[in-house]
Structure formats: C-alpha cells, structure tokens
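In: heads up, no residue letters with this:
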C-alpha cells in the first residue's frame with residue numbers, strides 16, 4: 001500500500017487555485033489536485049472575525065513528497081499564512097494509490 005497524503009488548502013480566487021494546482025502537478029509534487037469553488041470560510045484574522053469566498057484545494061501526494069509539496073505551497077501561496085493541513089490516509093483502491101506514487105515520480109511513500 002502506498003503512503004498517500006491529502007494536503008488541504010484554500011485560496012482566494014479561481015486563478016490562484018488553477019496556478020497552484022497546475023504548478024504542483026507539473027513539478028510532480030502532487031498527482032492530482034481537486035479544485036472546489038464556492039467554499040465559504042469564517043475565520044479569525046488579526047483579532048477580527050472575517051468571512052470570505054474561497055476555493056478549496058485537495059492535493060494528493062505521498063509521504064515522501066509531502067514536505068516538498070508543503071514547501072512549494074508555502075512559497076507559491078497568495079496568503080500571508082496559508083493553510084496547509086496534511087491528512088494521512090488509512091487505505092484506498094490499490095491501483096489509485098499506486099498511480100499517486102508513480103505520478104509524483106517515485107514508488108510511493
């Protein structure tokens with residue numbers, strides 16, 4: 001079984017989402033990035049409760065590529081403090097998990 005990770009982030013525009021997703025896949029840091037529009041986020045920022053429309057990105061990578069993916073995400077992200085949550089997977093379809101590993105340039109995590 002591949003050691004697949006799901007990294008979650010949000011951005012403020014479709015263009016930012018497309019740029020991040022494309023760059024991570026082109027650089028083989030992610031096998032796939034799902035871009036989900038229409039997310040409404042409520043959060044505290046600099047002492048004030050804010051609300052914003054955002055695009056949710058679900059980034060599929062491996063444990064072996066996870067740190068490099070997070071580093072690239074932080075460098076390319078438009079926010080001062082980007083979200084970068086890493087979720088470990090407990091399983092999945094074997095062929096899909098293998099594809100994730102192959103797509104990020106290795107044999108998986």
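Out: Thanks, I have the structure now. Source: prediction; values computed, not measured.
In: Can you spell out which helices and strands pack onto the helix or strand where residue 36 lies?
Out: Residue 36 belongs to strand 32-45 when elements are defined using DSSP states H and E. Counting contacts by 3 or more CB pairs under 8 Å, 6 or more residues apart in numbering; DSSP states H and E, strand 32-45 packs against helix 14-26, strand 48-62. C-betas here are computed from N, CA, C, even on glycine.
In: now these in TSV, with mean neighbour count, distance to residue 8 and mean pLDDT?
Out: Output for the helices and strands packed on strand 32-45, formatted as TSV (neighbours: other CB atoms under 10 Å; distance: least, CB to CB, whole Å; pLDDT from 0 to 100):
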stretch	mean neighbour count	distance to residue 8	mean pLDDT
helix 14-26	17	12	98
strand 48-62	17	6	97
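In: any low-confidence regions in the protein?
Out: Across the chain, the ranges flagged by pLDDT under 70 are 1-2, 106-109.
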